[in-house]
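A.B. asks: I would like to see how this sequence folds:
(one chain, ligands or ions: 1)
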Amino acid sequence: MQGSSSISSSSVDAPTPRCHCGVRSPIRTAWKCDYTGRKFYGCSRYGTSMRCSFFQWYDPEPLACYSDVIHKLLETNEGIRSENMELKKGRHELLDELCHFQQCVHETTSELEAAVAASMTMEDNMRASVAMTRRRGVVIIALMSVIVLLVFFPIKVAS
Ligand SMILES: [Zn+2]
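C.D. replies: All right, here's what the predicted structure looks like:
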């Protein structure tokens, strides 16, 4: 049994066999072989280079239908796992887009603020210009009035 396995506790009172190392064998569960989910006794040094080749099934031979069910469940699990990966990838892309969008909003806000400031400056300039034009208009009207008065009512210079 070279596949991946995990240790599980046992509540069965059967005598625990010892592996070739002379140590009581823990019960493990097969995951990556044709007997997925089936428990077995393996070497206590499993996972190290010191392990021996001891192997003994703990569970009886499973019915074929159970194996089918387990295989289907594993396939479903694999499907869910790859779907989850896709979802994570999609989420990552959406977050990137959101980040980009926020940056665009920030830039647009800055541009709008600059445009508003420029507009306000322009309005102030226009007001100043209008005030200046009015003052000039008043001066011109006054000058024209003086000219008209001088034309129609010339001052008689004493001779
Ligand atoms: Zn051993």
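
A.B. asks: mean confidence score for stretch 133-147?
C.D. replies: For stretch 133-147, mean pLDDT is 95.

A.B. asks: so how far is that stretch off the chain centroid?
C.D. replies: What separates the centre of stretch 133-147 from the centre of its chain is 70 Å, taken as Cα atoms, centre = their mean, to the nearest Å.

A.B. asks: do the same with stretch 104-124
C.D. replies: Offset of stretch 104-124 from its chain centre (Cα atoms, centre = their mean): 31 Å.

A.B. asks: likewise for stretch 32-44?
C.D. replies: With Cα atoms, centre = their mean, you get 39 Å for stretch 32-44.

A.B. asks: before we move on, what about stretch 77-91?
C.D. replies: 15 Å.

A.B. asks: again with stretch 125-140
C.D. replies: With Cα atoms, centre = their mean as the basis, stretch 125-140 stands 58 Å off its chain's centre.

A.B. asks: and for stretch 145-154?
C.D. replies: How far stretch 145-154 lies from its chain's middle: 83 Å, per Cα atoms, centre = their mean.

A.B. asks: and that stretch, which residues are buried?
C.D. replies: By neighbour count on 16 or more other Cβ atoms under 10 Å, the buried set for stretch 145-154 is empty. (Each C-beta comes from the backbone N, C-alpha and C, glycine too.)

A.B. asks: CA atoms of that stretch as CSV?
C.D. replies: Provided in CSV are the C-alpha atoms of stretch 145-154 (Å, rounded to 0.1, in the frame of the first residue of the first chain):
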residue,chain,number,x,y,z
SER,A,145,-22.6,114.1,-21.2
VAL,A,146,-19.9,116.7,-20.7
ILE,A,147,-19.2,116.8,-24.4
VAL,A,148,-22.9,117.2,-25.3
LEU,A,149,-23.3,119.9,-22.7
LEU,A,150,-20.3,121.7,-24.1
VAL,A,151,-21.6,121.4,-27.7
PHE,A,152,-25.2,122.6,-27.0
PHE,A,153,-24.4,125.0,-24.2
PRO,A,154,-21.0,126.3,-24.9
